[in-house]
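K.L.:
everything below, folded, please.
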Amino acid sequence: MVRASIFAVFVLGQAVILLAAGLATLWWSQDLMGLLIHTVGEERALGAGSVIPQEGGGKLLTNPSAMVRWMLPFWALGAVQVTGALSLVALWSRPTRPAADPATRASDDRASGSGVWPVR
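P.N.:
Numbering: from 1, shown residues only. Below is the predicted model:
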């Protein structure tokens, strides 16, 4: 009983952390995209014609479709993390079948025609 409770806390804790990481990735995908674009270089990532220098050293990024393409990996990562968390909880909460009696299983195998015969 204690072992099952510890396992439940462990699995649900992992699912909560994975869900939080996925939601954070989705929530901050625009900031992550900006960091990635600035790391690669604005002109290289968006095209030289899409970057307009501003007074004071700032830059205006004017290619929204390219920015969306740079956000897609973060959206995909966030979706995979959220899906993984939900799958983990769904698989953990699924009821398990009771172990079958070996004699019953052998007779079921013969009846089903699976070709598995018990060794005597």
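
K.L.:
ok, now which ones touch Leu88?
P.N.:
11, 14-15, 18 (C-beta atoms under 8 Å, 6 or more residues apart in numbering). Yep, even glycine has a C-beta here, placed from its N, CA and C like the rest.

K.L.:
quick check, nearest of those to Ala90?
P.N.:
Proximity of the contacts of Leu88 to Ala90 (C-beta to C-beta) peaks at Ala15, which lies at 9.6 Å.

K.L.:
give me the element the closest one is part of.
P.N.:
Assigned by DSSP states H and E, Ala15 belongs to helix 2-27.

K.L.:
in the lengthiest helix in the chain, what counts as buried?
P.N.:
Longest helix in the chain by number of residues (criterion: DSSP state H): helix 64-93. Residues of helix 64-93 classed as buried: 67, 70-71, 74, 77-78, 81-82, 84-85, 88-89 (neighbour count, 16 or more other C-beta atoms under 10 Å).

K.L.:
before we move on, what about stretch 43-53?
P.N.:
45-46, 50-51.

K.L.:
in CSV, list the C-alpha atoms belonging to that stretch.
P.N.:
What follows is stretch 43-53 as a C-alpha-only set of coordinates in CSV (Å, rounded to 0.1, in the frame of the first residue of the first chain):
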residue,chain,number,x,y,z
GLU,A,43,18.9,39.3,-40.9
ARG,A,44,19.8,35.7,-41.4
ALA,A,45,16.6,34.4,-39.7
LEU,A,46,14.1,36.8,-41.3
GLY,A,47,15.8,38.1,-44.3
ALA,A,48,17.7,41.4,-44.7
GLY,A,49,14.7,43.2,-46.1
SER,A,50,12.6,42.3,-43.1
VAL,A,51,14.8,44.0,-40.5
ILE,A,52,14.5,47.8,-40.3
PRO,A,53,17.2,49.5,-38.1
